[in-house]
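Chemist: Just the structure for this:
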Amino acid sequence: MNLIKPRKHFLGMAIALCFAGNVMAENEAIILQSSAVGSAEGNTAEVTQTNTGGNANLAIIEQVGELNYGSVLQNGLWLEAYSFNTGSDNAVRIEQFADWHIASSDIVGDENIVTITQDGFFNQTDVIIEGNVNDTAVFQTGDLNEAFATLLGDMNLAEIEQSGNSNWVTAEFTGNENMFYSYQEGSSNEAAMLGVVGNSNQFEAEQFGDQNVGGVVGLSGDNNAIFVQQDGMLNAFIATDVTGNDNLIDVFQDGSDNVFLVQPVTGDTNWILIDQTGVSNLVEAPLGLVGNNNLIDVRQDGTENNALVATDGDNHNLTIYQDGDMNTAEMVLGVDGNSADIYSRGNNNYAGVGLVGSDNITDIMQRGDDNFAVVDVVGDDNEISVDQMGNTNEVLITSAVVVVENNISVQQDGDLNLVDMLVEGSGNLADILQEGNGNWVAGNDGYFALSGENGTVAISQLGNDNLVLGEQYGNGNIMNITQLGDFNTAIVTQN
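Modeler: Modelled structure (predicted):
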């Protein structure tokens, strides 16, 4: 990044303003300082401008070496302040107040601190720091707020606070012990962390009202933590190209059109925690977790809930909790040793799980309304459990390829129960319990079939419109059927 270019631009503009007289600005202050060789100390500059009834205030401070300070205080209307420090013990403070704000600081090295405070209307801030013990704080209040911070190296911290209207914040880090905190209040809030490279970085954003967006684009490193809390209206969080180990993404959203998108998170032992509450909830991680020992925990509450998560790697732990209304949850577990849990409670539930690999565990539990669960198995030694309680239950378990030693358990309690199964392979076990109402299991090309060697099927139907049918293909298979009460029918075909 070339830090000299904007300085030349601003300084040239200031000199032009000096020649132009009072056409644009009434107050102008330009301070250039440079500490000579052999000096024990150097640089302090302060500018105070008022001009409440006039046109414009302009202040430019450029300092080069030793114990730099800076500071600008401006009052009203067209306010512009620029401070450039190059080296040593830098500190900059810019304060502006009402109307048309422009503030910029540009520091290259050493013990940097920047504080910028702006008040109302056309707020803008631009802070670029390159190295050493960096600190940045920006406070903005009302109207068209924007704040940018680019911190490139060392002990970085950026803290930005905004209040009302068209807020936008971005902070870009390159390395070392970065932390970025953003607090926003109302209107078109947006906060993002871009192009972060390094370890132990932390980004915290709190947003409250209206069109909140929080995001991380390009994070490469380990032990990074992202915390985002959003409150009302069109909340959205987006994370793309996150690479590293032991990273944490923790996002809480509250009301209206909540969206959480991740694509992808690559690395090991990463945690993604999502908690959504009301209205058009959506979680999508179609490329999901790539790596090993990662965790995704999704909690959704009310209205049009939806979740889609995929993994590629071993020993992932995925959990989706859904509560009410138009629930949908889909998971694809790639490779081995993964665990997937889906809990739905109420309304138009659907859950789908794809198991691609071995030693995976999936548990689907649905409580009430239009339940429907699908599990597709492509792998061996998997454990599958589906528990449905009440209303229009249905389970479908299939395997598109030959699979072995899978353990399938289905329990349905109440209403229009149906289990259908088409699994091909040896040593597979299915245990089905149905209690009450329109029990089925189906077969005779309908399909209920476990084909292969040494398969075991146990079916218990307790009450109401029972039917089994069935079919097994292969040698050494066992089918055990128990029916108690109501319209029992059982037809078994073994080959």
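Chemist: So which residues of the stretch 301-450 of the chain form strands?
Modeler: 307-312, 317-322, 329-334, 339-345, 351-356, 361-367, 373-378, 383-389, 395-398, 407-413, 419-424, 429-435, 448-451 (DSSP state E, counting those that start in this stretch).
Chemist: so where's this structure shaky on pLDDT?
Modeler: By pLDDT under 70, the low-scoring segments of the chain are 1-25, 36-40, 51-54, 444-446.
Chemist: As a check, name the ranges of all helices in it.
Modeler: 4-20 (DSSP state H).
Chemist: how near is the residue lying closest to residue 141 once chain neighbours are set aside to residue 243?
Modeler: Nearest residue to residue 141, sequence neighbours excluded (CB to CB, 6 or more residues apart in numbering): residue 163, at 4.7 Å. Using the backbone N, CA and C atoms, a C-beta is placed for each residue, glycine as well. Using CB to CB, to the nearest Å, residue 163 is found at 34 Å from residue 243.
Chemist: same question, residue 220
Modeler: For residue 220, the distance to residue 243 - CB to CB - is 5 Å.
Chemist: Same check on residue 278?
Modeler: On the measure of CB to CB, residue 278 and residue 243 end up 33 Å apart.
Chemist: do residue 101 as well
Modeler: Residue 101 is 37 Å from residue 243, by CB to CB.
Chemist: The two: who's more crowded?
Modeler: residue 101 (29 against 18; other CB atoms under 10 Å).
Chemist: list the contacts for residue 361?
Modeler: Residues near residue 361 by CB atoms under 8 Å, 6 or more residues apart in numbering: 338-340, 382-383.
Chemist: what about 10 Å?
Modeler: When contacts are counted by CB atoms under 10 Å, 6 or more residues apart in numbering, residue 361 is found next to 317, 333, 337-341, 355, 382-385, 407.
Chemist: Are any of those buried, and if so which?
Modeler: With burial judged by 16 or more other CB atoms under 10 Å, the buried subset of the contacts of residue 361 is 317, 333, 337-341, 355, 382-385, 407.
Chemist: and these as a markdown table, adding distance to residue 77?
Modeler: Below are those laid out as a markdown table (distance: CB to CB, whole Å):
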| residue | distance to residue 77 |
| --- | --- |
| 317 | 58 |
| 333 | 61 |
| 337 | 65 |
| 338 | 62 |
| 339 | 62 |
| 340 | 60 |
| 341 | 60 |
| 355 | 66 |
| 382 | 70 |
| 383 | 71 |
| 384 | 70 |
| 385 | 69 |
| 407 | 75 |
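Chemist: Which of these sits closest to residue 107?
Modeler: residue 317 (43.9 Å; CB to CB).
Chemist: Tell me if I'm right that that closest one and residue 362 touch.
Modeler: No - applying CB atoms under 10 Å, one finds residue 317 not in contact with residue 362, separated by 11.7 Å.
Chemist: thinking again about what came up before, mind putting the strands of the stretch 301-450 of the chain in JSON lines, distance to residue 188 included?
Modeler: Below are the strands of the stretch 301-450 of the chain laid out as JSON lines (distance: least, CB to CB, whole Å):
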{"stretch": "strand 307-312", "distance to residue 188": "27"}
{"stretch": "strand 317-322", "distance to residue 188": "30"}
{"stretch": "strand 329-334", "distance to residue 188": "31"}
{"stretch": "strand 339-345", "distance to residue 188": "34"}
{"stretch": "strand 351-356", "distance to residue 188": "36"}
{"stretch": "strand 361-367", "distance to residue 188": "38"}
{"stretch": "strand 373-378", "distance to residue 188": "40"}
{"stretch": "strand 383-389", "distance to residue 188": "43"}
{"stretch": "strand 395-398", "distance to residue 188": "44"}
{"stretch": "strand 407-413", "distance to residue 188": "48"}
{"stretch": "strand 419-424", "distance to residue 188": "49"}
{"stretch": "strand 429-435", "distance to residue 188": "53"}
{"stretch": "strand 448-451", "distance to residue 188": "55"}
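Chemist: what's the closest of these to residue 78?
Modeler: Between those, strand 307-312 lies closest to residue 78; by CB to CB that is 50.0 Å.
Chemist: Direction included, what does the closest one pair up with?
Modeler: strand 283-290 (parallel), strand 329-334 (parallel) (DSSP bridges).
Chemist: can you pull the buried residues of that strand?
Modeler: 307-312.
Chemist: measure stretch 485-495 end to end?
Modeler: End-to-end distance of stretch 485-495 (CA to CA, to the nearest Å): 29 Å.
Chemist: likewise stretch 61-74?
Modeler: OK, stretch 61-74 end separation, CA to CA: 14 Å.
Chemist: Quick one: neighbours of residue 114, just the number.
Modeler: 28.
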